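# take this sequence and fold it.
(chains A and B)
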There are 2 protein chains.
Amino acid sequence: MHYFSSDFKLGILGGGQLGKMLLYETRKWDIQTKVLDSSEEAPCKIACDKFVLGSLLDFDIVYNFGKDVDVLTIEIENVNIDALEKLEDEGIKVYPQPRALRIIQNKATQKLFYTDNEIPTSPFTRFAYTSEIKDSITNGGLSFPFVWKSAQFGYDGQGVKVVKKIEDLENLPNVECIAEDMVNFKNELAVIVSKSASGEVKTYPVVEMEFHPEANQVEYVICPARIEEHIAQKAQEVALKVAEHINLVGLLAVELFQTQEDQILVNEVAPRPHNSGHYSIEASYTNQFEQHIRAILDLPLGKTESKVAGVMVNLVGAEGYTGDVVYENITEILGLEGVTPHIYGKKQTRPFRKMGHVTIVDEDMGRAREVAQEVKEKIKVISK
Amino acid sequence: MHYFSSDFKLGILGGGQLGKMLLYETRKWDIQTKVLDSSEEAPCKIACDKFVLGSLLDFDIVYNFGKDVDVLTIEIENVNIDALEKLEDEGIKVYPQPRALRIIQNKATQKLFYTDNEIPTSPFTRFAYTSEIKDSITNGGLSFPFVWKSAQFGYDGQGVKVVKKIEDLENLPNVECIAEDMVNFKNELAVIVSKSASGEVKTYPVVEMEFHPEANQVEYVICPARIEEHIAQKAQEVALKVAEHINLVGLLAVELFQTQEDQILVNEVAPRPHNSGHYSIEASYTNQFEQHIRAILDLPLGKTESKVAGVMVNLVGAEGYTGDVVYENITEILGLEGVTPHIYGKKQTRPFRKMGHVTIVDEDMGRAREVAQEVKEKIKVISK
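Below is the predicted model:
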């Protein structure tokens, strides 16, 4: 099969920043692409060969979009899986496979999958409706604090809340959800596992994550994680075990907790390029987006080692600003060594919205981390 | 001035592979772009915000194209300079400046510029017409061998020929040209100098080039050049001297000869991102395309050092093949470590046409060079 400057067509469900970064790679290899997104202002709109406007959750729209592509992939997991299954039945290569998306899309199903496969994860209870949680608390079946997660359609910290007292349950949507024990962790880690259609598997180094307390969004991603070698190895093993059982073609980003007792627990997974892998564009021999393309086109997987140390800072909309975006002090941070901003192209900012990220690379991790701090303190995503 | 996700508009004259790679950077920073090219199949056609079809050499087309942009730049120097001067007079920022393009666009003018400014270059004679060369030979004013170069519109080895005997002059266009002494060189080197609008200057490391004997196109670019430190320093100094005198905003790629006597002579220059800087996408902290954008938007220049050793192999159309392109064995080379192909997106191949390039990076230069050899031997640009 010829992919390069050929008639081969790759379909991508979702036109956000992950899709946009995926398109750098399809452009680099002159692979024809067709993108589906529900927004006229999707960052992917230019740079793909064909852009289709429509809902990712509508069966007919997704089915009709996928019928004429050779390989269909996603940049977001909240898509109509029934349509993907029909396309798969009709012979379209759909990577990651719908079967795997079903497990991941619903967080309750995902948690059950871990327990069924003896993959270490934090204890949890499943509820058909948020309203049922109160009874469970009254009956002593559940105690504070715990993490409430809506089973479906959570994204960028939406659909996740730490519940410390009964009042915290107010204003939560009354949907299928889970209540997870709070994990008292030393570190939040992540490992990206890539698997090609013919079964080649390569993992990226373990990265260390730091979350923004309120927004529950990653603030720093540090590669390699500053942890002991045996912990890194254990994290890799757990990530590989999850990947082995989910068994999907493409990328699987596995978010992990390192507990105070140095247990490794799976937090959650994403079946696609992931925020925790953005550092790879500047730091790795093969960035995660190119690796995803290699995997789903069944090309040899690229080298996942790093050339240099990398730290990634998310650019999220500052609180109190909504409207036309302005990146305050971006010129100043461009004056710091090894700093590369990525601007996703969303015209409007709002509090905690993911607007871009900045990668800082350096031979020396200590220096990279210092510069990252400076970047974080200087730049601010505000509105005009 | 806000460039990122704003109304700011960058105009680019030329929609070839250099423009295409420039657009990765404008996309990365969400900078609005408008591209002019004479081909419906220009590699830039997607990924720019607006594509305009038209001749780069037509005064009205270039003038009208440039009127509504904030900054105008080029990816090829063969453009209508009169139009650029008018735009500059009317307040449009044109980088590189038309004044500098005038010196560079005509190779005779370029050579005179070197001699006028005491910049070391090979001896040459200027001719109004190729036909005048024969008389000069008969009169003993010129002797074999020498290099014939048409004064204008030479590109990718077009307009350059080594003349060893009188017959070699046949079939050459009867145009303004120069006859240059053949330089008996040890190495061909290049240095890319970047200068921002406010005068910040940074140079990239010296690279070493290897040319294809017939096509006169670069076969390998090796960074850093495997030469003695004092030679590298001398090369940097000469490049900086050229840049200082041409004094343009943007990138200046300076091609140099290292003679048997370790003299450094200027071969020629290009006022834009250059083939000798493609390695920088994978190997450098700041690639040449991002650096060009930083320079013309007067942002701080990025770090020009390398993360790892880099070798670049051009992918040119194989002799004997013309038509729909096929990249033979590209899957095999993707299986080699540190290998990144760039496919420019030209649907049709023909002998020696630049179709793409492959970058090989490694911590160890020796290994990178070996893999590059393997890449070169394996991959072949043919037609269906």
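# near chain B, which residues of the stretch 251-384 of chain A?
A:285-286, A:290, A:294, A:299-300, A:302-303, A:307-308, A:325-327, A:330-331, A:334-335, A:337-338, A:340-347, A:361, A:363 (Cβ under 8 Å from any Cβ of the partner chain). The way it works is simple: take the backbone N, C-alpha and C, and place the C-beta from them, glycine included.
# so which of those residues belong to strands?
A:325, A:326, A:327, A:340, A:341, A:342, A:343, A:361 (DSSP state E).
# grab the longest helix from chain A for me.
The longest helix of chain A (DSSP state H) is helix A:229-246.
# what is that one packed up against?
Judged by 3 or more Cβ pairs under 8 Å, 6 or more residues apart in numbering or on different chains; DSSP states H and E, the packing partners of helix A:229-246 are helix A:98-105, helix A:107-116, strand A:185-195, strand A:201-203, strand A:250-259, strand A:264-270.
# okay, the ones you listed in TSV with mean neighbour count and mean pLDDT next?
Below are the helices and strands packed on helix A:229-246 laid out as TSV (neighbours: other Cβ atoms under 10 Å in any protein chain shown; pLDDT from 0 to 100):
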stretch	mean neighbour count	mean pLDDT
helix A:98-105	19	96
helix A:107-116	18	96
strand A:185-195	23	95
strand A:201-203	17	98
strand A:250-259	24	97
strand A:264-270	21	97
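# so which of the ones you listed gets nearest residue B:65?
The minimum distance between residue B:65 and those falls on strand A:250-259, with 41.1 Å, by Cβ to Cβ.
# so what strands line up beside that closest one?
strand A:185-195 (antiparallel), strand A:264-270 (antiparallel) (DSSP bridges).
# for the ones you listed, which one sits closest to residue B:115?
Using Cβ to Cβ, the strands paired with strand A:250-259 put strand A:185-195 closest to residue B:115, at 56.4 Å.
# what's the angle from the closest one to helix A:229-246?
Here the directions of strand A:185-195 and helix A:229-246 differ by 50 degrees (axes from the mean of the first three to the mean of the last three Cα atoms, to 10 degrees).
# strand A:185-195: how far from the chain's middle?
Here the centre of strand A:185-195 is set off from its chain's centre by 11 Å, with Cα atoms, centre = their mean, to the nearest Å.
# for stretch A:24-34, same thing?
Here stretch A:24-34 is found 21 Å from its chain centre; the criterion is Cα atoms, centre = their mean.
# now it: average pLDDT?
If you average the pLDDT over stretch A:24-34, you get 97.
# how about the residue minimising distance to the centre of chain A: what's its closest non-neighbour residue?
Nearest to the mean C-alpha position of chain A, by Cα atoms, centre = their mean, lies residue A:274 at 3.3 Å. Leaving aside its sequence neighbours, residue A:274 sits nearest to residue A:253 (Cβ to Cβ, 6 or more residues apart in numbering or on different chains; 3.3 Å).
# what do you get for residue A:220?
Setting aside the residues directly before and after it, residue A:220 is nearest to residue A:210 in space (Cβ to Cβ, 6+ apart), at 4.3 Å.
# so what's the one you found up against?
By Cβ atoms under 8 Å, 6 or more residues apart in numbering or on different chains, residue A:210 lies in contact with A:188, A:218, A:219, A:220, A:221, A:222.
# and it, what's its pLDDT?
82.
# quick check, it in a helix?
No: according to DSSP: H, G, I helix; E, B strand; the rest coil, residue A:210 belongs to no helix; its state is strand.
# follow-up on the earlier one: could you flag which of the residues of the stretch 251-384 of chain A next to chain B are buried?
Neighbour counting with 16 or more other Cβ atoms under 10 Å in any protein chain shown marks A:285-286, A:290, A:294, A:299-300, A:302-303, A:307-308, A:325-327, A:330-331, A:334, A:337-338, A:340-346, A:361 as buried within those.
# circling back to that earlier point, nearest to residue B:244, out of the strands paired with strand A:250-259?
Of the strands paired with strand A:250-259, the one closest to residue B:244 (Cβ to Cβ) turns out to be strand A:185-195, at 46.6 Å.
# can I get that closest one in PDB, CA atoms only?
Extracted C-alpha coordinates of strand A:185-195, given in PDB (Å, rounded to 0.1, in the frame of the first residue of the first chain):
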ATOM      1  CA  PHE A 185      -0.200   9.600  45.900                       C
ATOM      2  CA  LYS A 186       3.400  10.700  45.700                       C
ATOM      3  CA  ASN A 187       3.300  11.200  42.000                       C
ATOM      4  CA  GLU A 188       1.000  11.200  39.000                       C
ATOM      5  CA  LEU A 189       2.800   9.400  36.200                       C
ATOM      6  CA  ALA A 190       1.900   8.500  32.600                       C
ATOM      7  CA  VAL A 191       3.200   6.100  30.000                       C
ATOM      8  CA  ILE A 192       2.200   6.100  26.300                       C
ATOM      9  CA  VAL A 193       2.200   2.700  24.700                       C
ATOM     10  CA  SER A 194       2.100   2.400  20.900                       C
ATOM     11  CA  LYS A 195       1.100  -0.700  19.000                       C
END
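# hang on, the earlier thing: list the beta-bridge partners for the residue nearest to residue A:274.
Going by DSSP bridges, residue A:253 forms beta bridges with residue A:192, residue A:270.
# does it touch residue A:278 like I think?
No: here residue A:253 does not reach residue A:278: they are 10.9 Å apart, not a contact under Cβ atoms under 8 Å.
# what about the residue nearest to residue A:274, distance to chain B?
Distance from residue A:253 to chain B, counting by Cβ to the nearest Cβ, to the nearest Å: 22 Å.
# spatially nearest residue to residue A:93 (excluding sequence neighbours)?
Distances taken as Cβ to Cβ, 6+ apart place residue A:71 nearest to residue A:93, at 4.6 Å, with adjacent residues excluded.
# got it, and residue A:299?
Counting by Cβ to Cβ, 6+ apart, residue A:299 lies nearest to residue B:334, which is 5.1 Å off, once chain neighbours are set aside.
# cool, and residue A:77?
Closest to residue A:77 by Cβ to Cβ, 6+ apart is residue A:105, at 5.4 Å.
# before we move on, what about residue A:336?
Take residue A:336 and drop its neighbours on the chain: the residue closest to it by Cβ to Cβ, 6+ apart is residue A:371, 5.2 Å away.
# residue A:65 is in what secondary structure piece?
Counting by DSSP states H and E, the element that carries residue A:65 is helix A:59-66.
# CA atoms only: put that helix into PDB for me.
The C-alpha trace of helix A:59-66 is given here as PDB (Å, rounded to 0.1, in the frame of the first residue of the first chain):
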ATOM      1  CA  PHE A  59     -24.600   7.700  13.700                       C
ATOM      2  CA  ASP A  60     -25.400   8.700  10.100                       C
ATOM      3  CA  ILE A  61     -22.900  11.600  10.000                       C
ATOM      4  CA  VAL A  62     -20.100   9.400  11.300                       C
ATOM      5  CA  TYR A  63     -21.100   6.400   9.200                       C
ATOM      6  CA  ASN A  64     -21.300   8.500   6.000                       C
ATOM      7  CA  PHE A  65     -18.100  10.300   6.800                       C
ATOM      8  CA  GLY A  66     -16.200   7.000   7.200                       C
END
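# give me the packing partners of it, helices and strands only.
strand A:9-13, strand A:32-37, helix A:81-89.
# could you export those to JSON lines, including columns for distance to residue B:76 and mean neighbour count?
Conversion of these to JSON lines gives the following (distance: least, Cβ to Cβ, whole Å; neighbours: other Cβ atoms under 10 Å in any protein chain shown):
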{"stretch": "strand A:9-13", "distance to residue B:76": "30", "mean neighbour count": "23"}
{"stretch": "strand A:32-37", "distance to residue B:76": "26", "mean neighbour count": "24"}
{"stretch": "helix A:81-89", "distance to residue B:76": "43", "mean neighbour count": "19"}
